[in-house]
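Asks: following is a predicted model, sequence given first.
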Amino acid sequence: MKLFKYLPVLAFAAFVGQSSAFSFARSEDAVAIAPPALDLPAEPGNLQTAVFAGGCFWGVQGVFQHVQGVKNAVSGYDGGAASTAEYEAVSGGDTGHAESVSVTYDPSKISYGKLLQIYFSVAHNPTELNRQGPDSGTQYRSAIFAQNADQQKVAQAYIAQLEAAKSFAKPIVTQVEMGKTFYPAEAYHQDFLTENPSYPYIVINDLPKVAQLKKLFPDQYRAEPVLVKNQ
């Protein structure tokens, strides 16, 4: 899929129309799940960071940009070295990086646990191993890059909670990783969903996620996204 994802819109549409063998995996429906039993306390005045990987960063970024309490959501790479933190290298699947999104949020308005709930419910499918929808490879893995031991504890406890409740039809494969560094992606990847709402990949795979966020989390949904270019 990564070979076709970045073709110009008209060329991409023509390719799909001419190829009977080519098909998209459609965006999956969100899953309504319980909030975490264990969460982090609110800390008014102190912005916090959470980093999530769940397939193509366009959709993950687009979801969190529509969440109340989120101050910024930046697409990038996490899990590998600084020297390979660029798209052409990461797309090879052997850098250790995952396409990720760094979410800066106000914990007095939204908790880390609520972000986790949105991540597992709406932003991606946590039961797909090294893939999401049409994209495959370790760079599309489901991973939480915990920023500290408290985030690690809450994330691991929530995964155990969801597994015990059999919230998903298949086992959760999400990894919780520590001690990694986030690197912002190239400028053309930032705000991609908002700036390219008619792009076929976005229409099929990512806009449904934003709609599902609005449906399942109306109290957390914001109509106007917070954009990187406005920071």
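Replies: Okay, I see it.
Asks: helix, strand, or coil at the residue nearest the centre of the chain?
Replies: What sits nearest the mean C-alpha location of the chain, by CA atoms, centre = their mean, is residue 60, with 2.8 Å. The three-state label given to residue 60 by DSSP: H, G, I helix; E, B strand; the rest coil is helix.
Asks: now do the contacts for the closest residue to it other than its chain neighbours.
Replies: Setting aside the residues directly before and after it, residue 60 is nearest to residue 101 in space (CB to CB, 6 or more residues apart in numbering), at 4.5 Å. Where C-beta positions appear, they are placed from N, C-alpha and C, glycine not excepted. Residue 101 makes contact with 51, 52, 53, 57, 60, 61, 64, 73, 74, 75, 76, according to CB atoms under 8 Å, 6 or more residues apart in numbering.
Asks: past whichever helix in the chain runs longest, which element shows up next along the chain?
Replies: Ranked by residue count and defined by DSSP state H, the top helix of the chain is helix 149-164. The helix or strand immediately downstream of helix 149-164 is strand 175-178, counting by DSSP states H and E.
Asks: how many neighbours does residue 108 have?
Replies: 13 (other CB atoms under 10 Å).
Asks: now for it: which residues touch it?
Replies: 42, 43, 44, 45, 69.
Asks: and the helix or strand where the residue nearest to residue 60 lies, average pLDDT?
Replies: Assessed by DSSP H and E, residue 101 sits inside strand 98-105. What strand 98-105 shows for mean pLDDT is 98.
Asks: in that strand, what counts as buried?
Replies: Neighbour counts over strand 98-105 (16 or more other CB atoms under 10 Å) mark 98, 99, 100, 101, 102, 103, 104, 105 as buried.
Asks: for the second one, which non-adjacent residue is closest in space?
Replies: In space, not counting the residues next to it along the chain, residue 99 is nearest to residue 57; the distance is 4.2 Å by CB to CB, 6+ apart.
Asks: so what's residue 33 up against?
Replies: Residue 33 is in contact with 117, 120, 121, 162, 165, 167, counting by CB under 8 Å, 6+ apart.
Asks: again, only using 6 Å
Replies: 121, 167 (CB atoms under 6 Å, 6 or more residues apart in numbering).
Asks: cool, residue 68 as well?
Replies: Going by CB under 6 Å, 6+ apart, residue 68 touches 220, 222.
Asks: before we move on, what about residue 226?
Replies: Counting by CB under 6 Å, 6+ apart, residue 226 touches 65, 70.
Asks: measure it to residue 70 for me?
Replies: Distance of residue 226 to residue 70, given as CB to CB, to the nearest Å: 6 Å.
Asks: picking up where we left off before, most neighbours, which of the contacts of residue 101?
Replies: Highest neighbour count within these, by other CB under 10 Å: residue 61, with 32 neighbours.
Asks: isn't it up against residue 76?
Replies: No. With contact defined as CB atoms under 6 Å, residue 61 does not count as touching residue 76 (9.3 Å).
Asks: picking up where we left off before, now the phi/psi pair for the residue nearest to residue 99, please.
Replies: phi -70, psi -20 (degrees, to the nearest 10).
Asks: repeat that for residue 189.
Replies: According to degrees, to the nearest 10, residue 189 has phi -90, psi -20.
Asks: which residues in the protein form helices?
Replies: Here the chain has its helices, by DSSP H, at 9-18, 57-64, 87-90, 112-118, 149-164, 192-195, 200-201, 207-216.
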